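Asker: What would the 3D arrangement of this be:
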Amino acid sequence: MFRLVKINYAGSNAPKYERFSRVGCNFIPKAGVAVDRIDNTITAAGYYPRFIVAKDYKATGNEPYLCYEVTDNMVFKVEIVGDEPVELGRPVGISSTGELTDAVEINEEGSGRIVGLCDNPKYVYVKFDRKREYEEW
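Answerer: Predicted structure coming up:
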């Protein structure tokens with residue numbers, strides 16, 4: 001689960017929220033899951049988490065999904081999976097603990113970077129850099 005910890009150089013820690021249609025979405029998102037957007041509908045995130053789902057949803061209902069856009073100045077606390085050594089500055093890519101994209105893993109090609117370590121070794125603080133995504137194209 002991606003938990004927004006702080007937004008550096010911002011007047012508040014309130015992200016910019018957007019609502020997306022349920023039409024065409026083939027999964028039920030949960031709070032803290034990384035997603036992408038295609039034609040105002042959310043999809044599973046790929047290389048970079050463009051949006052984070054803001055709250056849990058049930059399978060029934062027609063309420064639009066509330067998400068917030070990921071920016072370069074956001075710091076997230078997130079679970080790290082895999083057996084690689086965890087160190088400050090290591091690059092990470094988005095991953096999953098189940099069927100949704102809700103974690104990171106050490107990945108030299110990833111768009112994120114570890115900027116802090118938690119008391120619990122299962123979690124790290126991460127920032128994402130959109131510039132790395134564009135360099136890959």
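Asker: drop to CA atoms for contacts and neighbour counts, all remaining ones
Answerer: Noted.
Asker: ok, and what's touching the lengthiest strand in the chain?
Answerer: When the chain is parsed with DSSP state E, its longest strand is strand 74-81. Strand 74-81 has contacts (C-alpha atoms under 8 Å, 6 or more residues apart in numbering) with 1-8, 95-97, 102-106, 122-128.
Asker: Grab the nearest non-local neighbour of the most centrally placed residue in the chain.
Answerer: The residue lying closest to the centre of the chain (C-alpha atoms, centre = their mean) is residue 34, at 3.8 Å. Residue nearest to residue 34 in three dimensions, not counting chain neighbours: residue 52, with 4.7 Å by C-alpha to C-alpha, 6 or more residues apart in numbering.
Asker: number of nearby residues for that neighbour?
Answerer: 27 (other C-alpha atoms under 10 Å).
Asker: now swap in residue 64 and tell me
Answerer: Neighbour number of residue 64 under other C-alpha under 10 Å is 14.
Asker: got the contact list for it?
Answerer: Contacts of residue 64 (C-alpha under 8 Å, 6+ apart): 19, 20, 21, 22.
Asker: Residue 49 and residue 130: what is the separation?
Answerer: For residue 49, the distance to residue 130 equals 9 Å [C-alpha to C-alpha, to the nearest Å].
Asker: quick one, which of these two is more surrounded?
Answerer: residue 49 (25 against 16).
Asker: residues contacting the more buried one?
Answerer: Counted by C-alpha under 8 Å, 6+ apart, residue 49 has contacts 34, 35, 36, 70, 94.
Asker: repeat for residue 46
Answerer: Applying C-alpha under 8 Å, 6+ apart, the residues near residue 46 are 35, 36, 94.
Asker: and if you look at residue 69?
Answerer: 15, 16, 17, 18, 50, 51, 52 are the contacts of residue 69 under C-alpha under 8 Å, 6+ apart.
Asker: still on that earlier bit, the residue nearest to residue 34 against residue 71, yeah?
Answerer: No. Between residue 52 and residue 71 there is no contact under C-alpha atoms under 8 Å: 10.7 Å.
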